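K.L.:
only geometry, no sequence info:
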């Protein structure tokens, strides 16, 4: 079972998805570097600072996991359906960022100054935060405070909703109305089960 998609190496956040090219093949040089760091005990959890190891074999998709113990909040969250959906959503958004020609992608996970642990991308010298909202009935004031936080740093935000939990009628759910307001009239959906993205 995947645990983490990010780790801290030499004080910087790295993402497991960076070692796979657009064809799903490993970037061997990067995988070797991460493997060496893993064997040397230099990969750390962004949440609990525990030592992580790289899992990047031929059969399963790569991920990081804790060497010892499972008391980390991220590990506990990954045992839930919502945690697994968030993980899948971030993978989808990461791939979407690549398709959009992002020159740099940073996946936030665990302790972070960034509200809602976004995927931050750089495109044409502009920074954008992709934020996935799972479930339903978010607090609009919290969302607006997060929006203001990013805008004050010159970062645009795109909010993505889990399509499964949204309205199938013409009447918008509260999350749809709020995200539409924050997204300047647009609503972006992720369908985790079908692995699709709708605008």
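P.N.:
Yep, that arrived. Here the structure is a predicted model, which means the values were calculated and not measured.
K.L.:
in the longest helix belonging to the chain, what counts as buried?
P.N.:
Secondary structure of the chain per DSSP state H: the longest helix is helix 81-99. By 16 or more other Cβ atoms under 10 Å, the buried positions in helix 81-99 come out as 83, 85-97. Where C-beta positions appear, they are placed from N, C-alpha and C, glycine not excepted.
K.L.:
How far off centre is it?
P.N.:
With Cα atoms, centre = their mean, to the nearest Å as the basis, helix 81-99 stands 6 Å off its chain's centre.
K.L.:
if we look at that helix, which residues are touching it?
P.N.:
By Cβ atoms under 8 Å, 6 or more residues apart in numbering, the residues outside helix 81-99 that reach it are 2, 5, 15, 17, 22, 74, 76-78, 105, 107, 109, 119, 121, 123, 130, 132, 134-135, 160, 162, 190, 192, 195, 197.
K.L.:
re earlier: could I get the buried residues of helix 81-99 in CSV, plus columns for distance to residue 42 and pLDDT?
P.N.:
Putting those into CSV (distance: Cβ to Cβ, whole Å; pLDDT from 0 to 100) gives the following:
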residue, distance to residue 42, pLDDT
83, 26, 84
85, 30, 84
86, 26, 85
87, 23, 87
88, 28, 86
89, 28, 88
90, 23, 90
91, 24, 88
92, 29, 88
93, 27, 90
94, 23, 91
95, 27, 88
96, 30, 88
97, 27, 90
